[in-house]
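> Everything below, folded, please.
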Amino acid sequence: MSEIARSEELRAPQPAGPELCYQTFGDPEDEPLLLVMGLGGPMTWWDTAICERFVRAGFFVVRYDNRETGRSERGEGRVTKAQLVRAFLGLPTRAPYSIGDLAEDAFGLMDHLGWSSAHVCGVSMGGMIVQSMALARPERVRSMTSIMSTTGRRTVGWQDPTLLPALLAPRQRDRASYIDASVGLWQRIGSPAYRRPDDVVRAQAAETWDRTISAAGVLRQMLAVLTQPDRTRALHDLDVPTLVIHGDADRMVHVSGGRATAAAVPGAELLVVRGMGHDTPEPLHGLIVDGVRRTADRTS
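Numbers count the residues shown, from 1 in each chain. Prediction:
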């Protein structure tokens, strides 16, 4: 098997937005695929293995750090726990930026790459971002895959309330503590039928820490998630080939969020995966890649 081309990490300056760090895989002549990660996750949470598998499926792949994560630019604005609790309860709360702003970041990266359109695939908060992209500029989205995400409607895709204390706990100040806390969290929200070994989770946490963690940035992202609009009605008018993947054991975003997303988008395909939680373990890579390929092939 021939070696897959992979770029160094590159910078995408944006005149009207933050500078983003990104990386490419494969042949630029292949179909463009933008991978969008979720809350607090750098682009490396898209495993190199799944990126290369996407390449073998015929895509030119770009993964990137959202603003506030990894090596992308940080934002501004202090977010307090009181604000997060107000937003969690559905009370009016002003956020430093919105999910729509994060969607505009993605379009800015596409502009930098010279892409007029692309297939987009997002996980969790990344699913919210790609849904917002498809609604804002459907002509630029060839197909959409939304994984373990939701529509923004508060009556679906809820979070297990027992997770909230862990998410609001003070951020660890040293590498070892962060790694230990990460292992504990992923044991609670990961896929029970596809449990990742602790050493794999530790390696991911170590890499995440080494790429730099912004506790303030994670809170700003979290507030953007909690204050997102309900996209349900707008999704009914969407004419973009769509795949929704969700696990029936997801404690971070209940499977009702995935079901609601698929029900809202005309012609969407829904895959509910038994025993899948809020991660994308290696045994599910084939299912994800095959689904994205199948959805891309529906593009007229």
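
> C-alpha from now on. contacts and neighbour counts both.
OK.

> what separates residue 298 from residue 30, distance-wise?
16 Å (C-alpha to C-alpha, to the nearest Å).

> With residue 47 instead?
Using C-alpha to C-alpha, we find residue 47 at a distance of 20 Å from residue 30.

> same question, residue 145
On the measure of C-alpha to C-alpha, residue 145 and residue 30 end up 18 Å apart.

> Between the two, point out the one with more neighbours.
For residue 145 versus residue 30, the count of surrounding residues by other C-alpha atoms under 10 Å is larger for residue 145: 27 against 13.

> Is the more buried one in a helix, a strand, or coil?
strand (DSSP: H, G, I helix; E, B strand; the rest coil).

> That one touches residue 122, doesn't it?
Yes - proximity of residue 145 to residue 122 meets the contact threshold set by C-alpha atoms under 8 Å, at 6.4 Å.

> List the residues that are in contact with both of those two.
Common neighbours of residue 145 and residue 122, using C-alpha atoms under 8 Å, 6 or more residues apart in numbering, are residue 130.

> now the strands for the stretch 101-250 of the chain?
118-123, 141-147, 242-247 (DSSP state E, counting those that start in this stretch).

> Kindly export the very next helix or strand once past the last one (C-alpha atoms) in PDB.
Beyond strand 242-247 in the direction of the C-terminus, DSSP states H and E gives the next helix or strand as helix 255-264. This file holds the C-alpha atoms of helix 255-264, laid out as PDB (Å, rounded to 0.1, in the frame of the first residue of the first chain):
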ATOM      1  CA  VAL A 255     -29.500   9.600  21.200                       C
ATOM      2  CA  SER A 256     -32.700  11.600  20.900                       C
ATOM      3  CA  GLY A 257     -30.600  14.400  19.500                       C
ATOM      4  CA  GLY A 258     -29.400  12.300  16.600                       C
ATOM      5  CA  ARG A 259     -32.900  11.000  15.900                       C
ATOM      6  CA  ALA A 260     -34.300  14.500  15.900                       C
ATOM      7  CA  THR A 261     -31.600  15.700  13.500                       C
ATOM      8  CA  ALA A 262     -32.300  12.900  11.000                       C
ATOM      9  CA  ALA A 263     -36.100  13.500  11.300                       C
ATOM     10  CA  ALA A 264     -35.600  17.200  10.600                       C
END
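
> ok, residues contacting the longest strand anywhere in the chain?
The single longest strand within the chain, with elements called by DSSP state E, is strand 17-25. Here strand 17-25 makes contact (C-alpha under 8 Å, 6+ apart) with 4-14, 43, 51-52, 55, 60-67, 70-75, 105, 108-109.

> Recalculate using a threshold of 6 Å.
Outside of strand 17-25, the residues within contact range by C-alpha atoms under 6 Å, 6 or more residues apart in numbering are 5-7, 9-13, 60-65, 71-73.

> swap in stretch 111-123?
Contacts of stretch 111-123 (C-alpha under 6 Å, 6+ apart): 32-38, 130, 140-147.

> now swap in stretch 253-264 and tell me
149-151, 156-159, 232, 235-236, 244, 246, 248, 268, 270.

> Stretch 88-107 too?
So stretch 88-107 is contacted by 77, 87, 129, 133, 223, 224 (C-alpha under 6 Å, 6+ apart).

> List buried residues within those.
For the contacts of stretch 88-107, a neighbour count by 16 or more other C-alpha atoms under 10 Å gives the buried set as 87, 129, 133, 223, 224.

> so which pair among those is furthest apart in space?
87 and 133 (23.0 Å; C-alpha to C-alpha).

> neighbours around residue 188, how many?
16.

> no no, residue 210
Residue 210: 11 neighbours (other C-alpha under 10 Å).

> per-residue pLDDT, it?
With respect to pLDDT, residue 210 has a value of 95.

> which ones are touching it?
Applying C-alpha under 6 Å, 6+ apart to residue 210 gives no contacts.

> Dump the contacts of stretch 88-107 into a markdown table; add pLDDT and distance to residue 171 as well.
Output for the contacts of stretch 88-107, formatted as a markdown table (pLDDT from 0 to 100; distance: C-alpha to C-alpha, whole Å):
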| residue | pLDDT | distance to residue 171 |
| --- | --- | --- |
| 77 | 92 | 17 |
| 87 | 93 | 20 |
| 129 | 98 | 25 |
| 133 | 98 | 31 |
| 223 | 96 | 16 |
| 224 | 97 | 19 |
